[in-house]
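Student: Generate coordinates for the sequence data below:
(one chain, ligands or ions: 2)
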Amino acid sequence: MNVVQRPGLIAGRSGRCSETTAVATTVTPATAPTQTVPVGPAPIGPVPAEPARVGQIPTGPAQAGAPPAASVPAGAPLVSPVSAGPVSSVDRGSTGSSLPSVPAEPSELADAGIRLLAPDGTLVPDPRFEVLADHDLCREFYRSMVLARRLDAEATALQRQGELVLWIPLRGQEAAQVGSAQAVGPRDFIFPSYREHAVAWHRGVPAAEVLRLLRGVSHDGWDVAAHNMANYTIVLASQTLHAVGYGMGVLLDGDVGTGDAERDTAVLVYLGDGAMSQGDANEAFVWAASFGAPVVFLCQNNQWAISTPSRRQSPVPLARRADGFGFPGLRVDGNDVLAMHAATSWALAHARGGGGPVLIEANTYRMAPHTTSDDATRYQPAAEVAAWSARDPIERLRRLLAADVDTTWFDEIDDQAAAAAAQLRRDCLALDPPEPTTMLDHVYAEETADERDQRTWFTAYRDSFL
Ligand SMILES: Cc1ncc(C[n+]2csc(CCOP(=O)(O)OP(=O)(O)O)c2C)c(N)n1
Ligand SMILES: [Mg+2]
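Tutor: Ligands and ions are numbered 1, 2, ... in the order given. Coordinates of the predicted model:
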């Protein structure tokens, strides 16, 4: 599927996604004056004279002479306060009963974060962000999310039938991925974790290329340069360091804060709630903040790190951690594609403009096992799954669109998705294993004597079976 790049039109507030004439380039629905605290320099250079006070939002011009970064209004909290839910005596985590208990109630349900589209399909006002999608883009979001869910189901089936080594389902996270992916500009670069299939598909990566690694026929997946999107990494949070390194390179190239939309570049890196606990992630935050790297860290908090609940790893919304590193943190309803699009658009514009890093916590839910090797029914409470099902990202957009769109259009989308799934199956089965000795290719720039010996031995061994 291809990304639709178009100027954002502000949708009406009437509960219908309708086209208006207002063009929004940055998200500044300020009701209060913005602050003028200096933020991350571009390029690498002087440090801000005055540190932002804890709890304040560093906004405003990046540096004297530099174009102003996109800003959010001061005064509005970036994250909702944590509701003090009752504490369970039962530890639902898998890490042992000697640990202190975690809140039994999913406080995330109460603290949805920035939201523009309610689960019942009505548009809701937010003091800081407005809907940037016009009617056509809302339809594209719907099409993309339905397609991703259908392809995800097909890939799961292929794994069950022995055609994939493993599959990592994304069900439930379609809005977090499609909404954020839409915000990426042509020069921006994406570093995924391992579950971002909808990001890849929305950016135009052919569906079957996402399966190559998991069919075991390739060390990677798609052409990174063609899609400005790195391949997956299973090593949690390692991609955050790659992203910051890339962002620092962008800074050194002078492609930040020039005011030239054709030139300014940002980096979007995805990580999970569990990965937020990794040393790599926290080192990446420090480096990004120290050098004002144009990196948007997008944490999909799907409430679980395999069987460890997110609340085990953080008693407060993860977006709040950004305060400690000195850059803005936004908590967003990750099942609201419109909010994800608006918030990520703001964050990337902020980074491109020289405002430095931003952390977005997409508050969502993993409506599937961690991988096809996992049985989530052993730890995900049925009531919790049911509560999150009621906030399904696709269903709420369907409710919004239903006011304007004929039911036959929804049927057409389902048919398109079914056809794409059948094509994915055919393409997957056609992905033949490579010549085994190619595993030794590209290990070093030039083949070593040791490698040559291994190749000779392996070839003779394999031929002994023929
Ligand atoms: C450095 C490292 N440690 C441990 C693992 C094993 N592991 C794989 S996925 C995972 C949980 C990650 O959870 P989260 O970051 O929330 O992402 P999600 O899978 O929920 O998308 C763990 C611990 C790993 N892959 N890498
Ligand atoms: Mg997780």
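Student: State the distance from the closest residue to ligand 2 within the chain to residue 237.
Tutor: Per Cβ to the ion, residue 272 is where the chain lies closest to ligand 2, at 3.8 Å. Every residue, glycine included, has its C-beta placed from N, CA and C. Residue 272 sits 9 Å away from residue 237, going by Cβ to Cβ, to the nearest Å.
Student: same deal with residue 255?
Tutor: Counting by Cβ to Cβ, the gap from residue 255 to residue 237 is 25 Å.
Student: Also residue 321?
Tutor: According to Cβ to Cβ, residue 321 and residue 237 sit 13 Å apart.
Student: which of the two has more neighbours?
Tutor: A side-by-side neighbour count of residue 321 and residue 237, using other Cβ atoms under 10 Å, places residue 237 first with 23 against 20.
Student: OK, contacts around that one?
Tutor: The contact partners of residue 237, by Cβ atoms under 8 Å, 6 or more residues apart in numbering, come to 271, 275-276, 278-281, 284.
Student: quick one: buried residues of stretch 273-291?
Tutor: Of the residues in stretch 273-291, 273-278, 280-282, 284-285, 287-291 count as buried by neighbour count, 16 or more other Cβ atoms under 10 Å.
Student: which one of the residues you listed sits closest to residue 142?
Tutor: residue 273 (26.4 Å; Cβ to Cβ).
Student: hang on, isn't that closest one packed against residue 305?
Tutor: Yes - counting by Cβ atoms under 8 Å, residue 305 is a contact partner of residue 273 at 6.0 Å.
Student: show me the residues around residue 335 that make contact.
Tutor: 119, 172, 175-176, 363-365, 388, 391-393, 396.
Student: List, one by one, the residues from the protein near ligand 1.
Tutor: 195, 234-236, 272-275, 302, 304-306, 366, 370 (Cβ under 6 Å from any ligand atom).
Student: What's the PyMOL line that selects buried ones from these?
Tutor: Of the residues of the chain next to ligand 1, the buried ones go into a single PyMOL selection, burial set by 16+ other Cβ under 10 Å:
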select buried, resi 195+236+272+273+274+275+302+304+305+366+370
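Student: which residues touch the closest residue to residue 283 other than its chain neighbours?
Tutor: For residue 283, ignoring the flanking residues on the chain, the nearest one in space by Cβ to Cβ, 6 or more residues apart in numbering is residue 241 at 6.6 Å. Counting by Cβ under 8 Å, 6+ apart, residue 241 makes contact with 280, 283-284, 287.
Student: one more time with 10 Å
Tutor: 191, 269, 278-281, 283-284, 287-288 (Cβ atoms under 10 Å, 6 or more residues apart in numbering).
Student: for the residue of the chain found nearest ligand 1, phi and psi?
Tutor: Closest residue of the chain to ligand 1, Cβ to the nearest ligand atom: residue 272 (2.2 Å). Residue 272 adopts backbone torsions of phi -100, psi 170, taken as degrees, to the nearest 10.
Student: Pull the number of nearby residues for residue 348.
Tutor: What residue 348 shows, counting by other Cβ under 10 Å, is a neighbour count of 27.
Student: what pLDDT does the closest residue to it other than its chain neighbours get?
Tutor: Counting by Cβ to Cβ, 6+ apart, residue 266 is the residue found nearest to residue 348 once chain neighbours are left out, at 4.6 Å. Per-residue pLDDT puts residue 266 at 98.
Student: List the residues that contact residue 266.
Tutor: Here residue 266 is in contact with 183-185, 187-189, 247, 250, 255-256, 293-296, 347-353, 355, 357-358 (criterion: Cβ under 10 Å, 6+ apart).
Student: Look up how far residue 247 lies from it.
Tutor: 8 Å.
Student: list residues touching both of the two?
Tutor: When contacts are counted by Cβ under 10 Å, 6+ apart, the set common to residue 266 and residue 247 consists of 189, 256, 293-296, 351, 357.
Student: of all the residues you listed, which comes closest to residue 229?
Tutor: Taking these together and measuring to residue 229 by Cβ to Cβ, the closest member is residue 189, at 7.4 Å.
Student: is it true that the closest one touches residue 239?
Tutor: No - using Cβ atoms under 10 Å, residue 189 makes no contact with residue 239, being 11.2 Å away.
Student: joint contacts of the two?
Tutor: Contacts common to residue 189 and residue 239, judged by Cβ under 10 Å, 6+ apart, are 230, 246, 269.
Student: So which of those residues are in helices?
Tutor: Residues of those located in helices (DSSP state H): residue 246.
Student: and of the shared contacts of residue 189 and residue 239, the nearest to residue 316?
Tutor: Out of the shared contacts of residue 189 and residue 239, the member with the shortest distance to residue 316 (by Cβ to Cβ) is residue 269, at 21.7 Å.
Student: For the closest one, which residues are in contact?
Tutor: 189-193, 230, 237, 239-244, 246-247, 281, 284, 288, 295-299, 357.
Student: Residues in a beta bridge with it, which ones?
Tutor: residue 191, residue 297 (DSSP bridges).
Student: before we move on, the earlier item: how much space between the residue nearest to residue 283 and residue 275?
Tutor: 12 Å.
Student: Likewise for residue 450?
Tutor: Taking Cβ to Cβ, one finds residue 450 at 35 Å from residue 275.
Student: Then residue 253?
Tutor: 28 Å.
Student: swap in residue 387?
Tutor: On the measure of Cβ to Cβ, residue 387 and residue 275 end up 24 Å apart.
Student: Please check the contacts of residue 335 and keep the buried ones.
Tutor: Here, 16+ other Cβ under 10 Å leaves 119, 172, 175-176, 363-365, 388, 391-393, 396 buried among the contacts of residue 335.
Student: so where's the stretch 51-200 of the chain shaky on pLDDT?
Tutor: Filtered on pLDDT under 70, the stretch 51-200 of the chain yields the residue ranges 51-110.
Student: What segments of it are helices?
Tutor: With helices called from DSSP state H, counting those that start in this stretch, the stretch 51-200 of the chain shows them at 107-110, 135-160, 174-182, 197-202.
Student: on that earlier part again, shared neighbours of residue 273 and residue 305, which are they?
Tutor: With Cβ under 10 Å, 6+ apart as the test, residue 273 and residue 305 both reach 312-313, 366.
Student: and which of those residues is nearest residue 418?
Tutor: Out of the shared contacts of residue 273 and residue 305, the member with the shortest distance to residue 418 (by Cβ to Cβ) is residue 366, at 24.2 Å.
Student: The closest one falls within a strand, correct?
Tutor: No - using DSSP: H, G, I helix; E, B strand; the rest coil, the assignment for residue 366 is coil, not a strand.
Student: I'm done for today, thanks for sticking with me.
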